[in-house]
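A.B. asks: quick check, what structure comes out for this input:
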Amino acid sequence: MESLYLLIPLSVLLVFLIGLIFWWSVRSGQFDDLEGPGWRVLQDDDKSVADRANEEKTPD
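C.D. replies: Residues are numbered from 1 along each chain as shown. Below is the predicted model:
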């Protein structure tokens, strides 16, 4: 029974902490674009692999 006096306040504190972290992530834009990165993977690049390799070898 004595352990409930410790566990209940800790669980309430944990719920408030999780809620605060979730609220911060929503306000900072973490969930704005959930599908964009997935579609970006599927888009074709205009340059071929050989062109990119040549650009890496030549200094600017």
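A.B. asks: what's the burial count for residue 53?
C.D. replies: 10 (other Cβ atoms under 10 Å). Quick note: C-beta positions are derived from backbone N, CA and C, even for glycine.
A.B. asks: tell me the mean pLDDT for the helix or strand containing it?
C.D. replies: Secondary structure assignment for residue 53, by DSSP states H and E: helix 49-57. Mean per-residue pLDDT for helix 49-57: 68.
A.B. asks: all numbers from here: first residue = 551
C.D. replies: Okay, residue one is now 551; in that scheme the one you just asked about reads as helix 599-607.
A.B. asks: what sits against residue 589?
C.D. replies: Residue 589 sits next to no residue when contact means Cβ atoms under 8 Å, 6 or more residues apart in numbering.
A.B. asks: what are the boundaries of the strands in the chain?
C.D. replies: All residues of the chain lie outside strands when identified by DSSP state E.
A.B. asks: just the helices in it please.
C.D. replies: For the chain, helices defined by DSSP state H occupy the ranges 554-577, 586-592, 599-607.
A.B. asks: mean pLDDT lowest where, among the ones you listed?
C.D. replies: helix 599-607 (a mean of 68).
A.B. asks: from residue 572, how far off is the most centrally placed residue in the chain?
C.D. replies: Taking Cα atoms, centre = their mean, the centroid of the chain lies closest to residue 580, which sits 6.3 Å from it. Distance of residue 580 to residue 572, computed by Cβ to Cβ, to the nearest Å: 9 Å.
A.B. asks: residue 582 too?
C.D. replies: From residue 582 over to residue 572 (counting by Cβ to Cβ), the distance is 15 Å.
A.B. asks: between these two, tell me which one has more neighbours.
C.D. replies: A count of neighbours by other Cβ under 10 Å puts residue 572 above the other of residue 582 and residue 572, at 12 against 8.
A.B. asks: tell me how many other residues crowd residue 555.
C.D. replies: Residue 555: 8 neighbours (other Cβ under 10 Å).
A.B. asks: ditto for the one 5 residues further on
C.D. replies: For residue 560, the neighbour count with other Cβ under 10 Å is 9.
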